[in-house]
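1. Predicted model and sequence follow; I will ask about them next.
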Amino acid sequence: QVQLQESGPGLVKPSQTLSLTCTVSGGSDTYYASNWIRQPPGKGLEWMGRITYDGRTYYSPSLKSRTWISRDTSKNQFSLQLSSVTPEDTAVYYCAKSSSWYFGSWGQGTQVTVSS
């Protein structure tokens with residue numbers, strides 16, 4: 001089974017761009033898509049977007065205008081960029097692998113706080 005690890009800054013200033021990377025290691029990766037999901041404090045999980053095995057991207061409608069997901073297959077990494085952040089973007093951010101909408105492998109999550 002693959003292992004996932006998120007990395008990136010834990011503190012981002014308002015109006016800046018949040019950038020996170022997920023590094024994939026371990027077993028053979030046969031998943032359909034690589035996803036980013038977040039959980040604001042006191043709230044439920046929010047799916048942000050995904051990049052499929054063949055490079056297609058899909059985004060949550062509510063975040064589409066600010067979100068960019070990319071990948072570097074040579075490094076077994078995929079990344080998230082969220083622009084124009086506000087304190088409402090403070091959350092634990094997770095990367096996860098999925099087969100369709102079954103999320104089979106998750107990273108441990110990384111806390112990102114948006115504050116000046």
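-> Structure received.
2. Tell me the helices and strands packed up against the lowest-mean-pLDDT helix or strand in the chain.
-> Here the helix or strand of the chain ranked lowest by mean pLDDT, DSSP states H and E is strand 102-106, holding a mean of 94. The contact analysis (3 or more CB pairs under 8 Å, 6 or more residues apart in numbering; DSSP states H and E) places strand 102-106 against strand 2-7, strand 91-99. Heads up, the C-betas are built off the backbone N, CA and C, glycines and all.
3. who's the residue lying closest to residue 52 once chain neighbours are set aside bridged to?
-> Distances taken as CB to CB, 6 or more residues apart in numbering place residue 33 nearest to residue 52, at 4.7 Å, with adjacent residues excluded. Residue 33 has these beta-bridge partners by DSSP bridges: residue 52, residue 98.
4. on that earlier part again, for the helices and strands packed on strand 102-106, which one sits closest to residue 15?
-> Among the helices and strands packed on strand 102-106, the nearest to residue 15 by CB to CB is strand 91-99 (17.1 Å).
5. And the following helix or strand past the least confident helix or strand of the chain, what's buried?
-> Next in sequence after strand 102-106, counting helices and strands by DSSP states H and E, comes strand 110-114. By neighbour count on 16 or more other CB atoms under 10 Å, the buried set for strand 110-114 is 110, 112, 114.
6. just stretch 85-103 next, same as before
-> By neighbour count with 16+ other CB under 10 Å, stretch 85-103 contains the buried residues 85, 89, 90, 91, 92, 93, 94, 95, 96, 97, 98, 103.
7. Please convert those residues to TSV, extending it with distance to residue 45.
-> Below are those laid out as TSV (distance: CB to CB, whole Å):
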residue	distance to residue 45
85	19
89	15
90	15
91	10
92	9
93	11
94	8
95	13
96	10
97	15
98	13
103	9
